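Trainee: Just to be clear, the model below is a prediction. Sequence and coordinates:
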Amino acid sequence: MAKPDLMERVVNLCKRRGLVFPSSEIYGGFRSTWDYGPLGVLLKRNVKDAWWRSMVQLRDDVVGLDSAILMHPRVWEASGHVQAFTDPLVDCRNCKERFRADHLPESGACPNCGAKGSFTEARRFNLMFKTHVGPVEDDASVAYLRPETAQGIFVNFLNVQTTSRKKPPFGIAQIGKAFRNEITPGNFIFRTREFEVMEMEYFVPPEDGPRWYEYWCQERLRWFVELGIPEDDLRLRPHEPDELSHYSTGTSDIEFAYPWGWGELEGVANRTDYDLRRHSEYSGQDLSYYDQDADRRYIPHVIEPALGADRCMLAFLLAAYHEEEVRGEKRTLLRLDPRLAPVAVAVLPLSRNERLNPVAQEVADLLRPRFMIDVDDAGSIGRRYRRQDEVGTPRCVTVDFDTLDDRAVTVRDRDSMSQDRVPIDKLVQHLEEQVSA
């Protein structure tokens, strides 16, 4: 199917099946804010868990952190966000809409009304949300909602390094909410003003920065492929010199082929010693590291892989969405990696017959401690298979009348639709081999 059509179908599926809803929908919604429904919150949690497992659990050189959203305002002065975290803003004099100057079409026409030559001169617009702490709103009470989680890691560098007894190279990982007052949010959950960031700061000796930068570019690219995104839909794009952030000597974007074209999925940046050095200057605290083995002191350089959980979830959905014809009928399915699927196993009694219900409940009770399951007994078995296919459930377990005699169930595979007969007392082991990480 055409890429634009793909986006429309995925968005419709998300709304219809309870993955993502417009926020405050009964009030007409609120621009660029979204709520995750019962299946969406499971999918997003699985994406975050897969990232955490790869970045923290399976490594001995990375530890975790959960820092506060509100931080001392001097943090954002030191980081450069107060002065430099801006986008070029223009207004259309004709329709009064606002746009990022660097996102305008080459034709110069307004994306909203089509007028040409109607834009104002570009001016800088700071993307941080400003608020006040305490009962009095004055300059002394100003605070910001964090636009990234990285600064919470940098200001805790000494705390974490000392208590965890790590020495470079080592990393600190964090998952948390961030907020950016985007001028032109859009493309569903791709660009929003409130989002969740999965970020890791990897602290290395200065001379090792380039080597670890290359390592993390390839390591993060590999993660997406392992979880099911085709290699042809991914590319690694190094930034041109005029694209680099003020703190970076090298940045590469892992880009995904979204329906509207290539777009950033994750960024990997060599931040050098910029952040620790700036926080040392502004706080008066020494954030250097003393290497006893080499008998030298230095400020570590930092390699940062960072991505949005929401944007990442969208890429997995787009890559997994498939339609095919089966016996003259359209079948929609999400070929999600089993580790990401919102529901791992669906338990389906063949009918609502009172003889089947106790066995179906027994099977559900057996599986629930090990897997996220769904029990569905409404409609024909074929219709229920289709409902599970379109939300990516890897396996369906059918309890039928033969189960009453042979104490076995039918296990159906989502992708191939093949079926196996499995004894109930071996069901957990069978499913763990197929759907567990």
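Mentor: On my side now, so go ahead.

Trainee: now for the strand or helix carrying Met198, which elements pack on it?
Mentor: Assigned by DSSP states H and E, Met198 belongs to strand 194-204. If you count contacts as 3 or more Cβ pairs under 8 Å, 6 or more residues apart in numbering; DSSP states H and E, strand 194-204 packs onto helix 38-52, helix 150-154, strand 170-179, helix 209-226, strand 301-308, helix 309-320. C-beta here means a position set from N, CA and C on the backbone, and glycine is covered the same way.

Trainee: What strands flank it, and is each parallel or antiparallel?
Mentor: Sheet pairing for strand 194-204, assigned by DSSP bridges, gives strand 170-179 (antiparallel), strand 301-308 (antiparallel).

Trainee: Would you mind identifying the helix or strand in the chain with the lowest mean pLDDT?
Mentor: Ranking every helix and strand in the chain by mean pLDDT, DSSP states H and E puts strand 123-126 at the bottom, with a mean of 82.

Trainee: How far away from the center of its chain is the next helix or strand after that strand?
Mentor: Moving toward the C-terminus from strand 123-126, the first helix or strand encountered (DSSP H and E) is strand 129-132. Relative to the centre of its chain, strand 129-132 is centred 25 Å away, using Cα atoms, centre = their mean, to the nearest Å.

Trainee: any idea how far the next helix or strand after strand 129-132 is from the chain center?
Mentor: Downstream of strand 129-132, the first helix or strand assigned by DSSP H and E is strand 142-145. Centroid separation for strand 142-145 versus its chain: 25 Å, with Cα atoms, centre = their mean.

Trainee: What residues sit buried inside strand 142-145?
Mentor: For strand 142-145, the neighbour count (16 or more other Cβ atoms under 10 Å) marks Ala143, Tyr144, Leu145 as buried.

Trainee: What lies in contact with that strand?
Mentor: Strand 142-145 is contacted from outside by 69-71, 73, 76, 81, 128-133, 178-179, using Cβ atoms under 8 Å, 6 or more residues apart in numbering.

Trainee: what do you get if the cut-off is 7 Å, keeping everything else the same?
Mentor: Ile69, Leu70, Pro73, Trp76, Met128, Phe129, Lys130, Thr131, His132, Val133, Phe179 (Cβ atoms under 7 Å, 6 or more residues apart in numbering).

Trainee: Equivalent analysis for stretch 407-425, please.
Mentor: With Cβ under 7 Å, 6+ apart, stretch 407-425 has contacts from 333, 335, 363, 385, 389, 393-400, 403, 427, 430.

Trainee: Any of those residues buried? List them.
Mentor: 333, 363, 385, 389, 393-400, 403, 427, 430.

Trainee: Now the two most distant members of these.
Mentor: Leu333 and Thr403 (25.7 Å; Cβ to Cβ).

Trainee: And the chain, split by domain according to the record?
Mentor: What automatic domain parsing lists as the domains of the chain is 3-78+149-317, 343-435.

Trainee: The ones you listed: which one's closest to Cys110?
Mentor: domain 3-78+149-317 (12.0 Å).

Trainee: so Val363 makes contact with Val399?
Mentor: Yes: using Cβ atoms under 7 Å, Val363 makes contact with Val399 at a distance of 6.0 Å.

Trainee: Common neighbours of those two, please.
Mentor: Val347, Val409.

Trainee: which regions of this structure sit below the pLDDT cut-off?
Mentor: Counting by pLDDT under 70, the chain contains low-confidence residues at 1-4, 436-437.

Trainee: hmm, try it at 50
Mentor: Across the chain, the ranges flagged by pLDDT under 50 are 1, 437.

Trainee: Could you measure from the residue positioned nearest the centre of it over to Asp61?
Mentor: Central residue of the chain (Cα atoms, centre = their mean): Ala309, 1.4 Å from the mean position. According to Cβ to Cβ, to the nearest Å, Ala309 stands 23 Å off from Asp61.

Trainee: try Ile153
Mentor: Ile153 is 15 Å from Asp61, by Cβ to Cβ.

Trainee: Mind checking which of those two has more residues around it?
Mentor: In terms of neighbours (other Cβ atoms under 10 Å), Ile153 is the more surrounded of Ile153 and Asp61; the figures are 23 against 13.

Trainee: all strands of the stretch 251-400 of the chain, in order?
Mentor: Applying DSSP state E, counting those that start in this stretch to the stretch 251-400 of the chain gives strands spanning 261-272, 289-291, 296-298, 301-308, 321-326, 329-334, 345-349, 373-375, 395-399.

Trainee: Turn these into TSV, columns for distance to Tyr27.
Mentor: Conversion of the strands of the stretch 251-400 of the chain to TSV gives the following (distance: least, Cβ to Cβ, whole Å):
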stretch	distance to Tyr27
strand 261-272	30
strand 289-291	51
strand 296-298	54
strand 301-308	26
strand 321-326	30
strand 329-334	30
strand 345-349	34
strand 373-375	31
strand 395-399	38
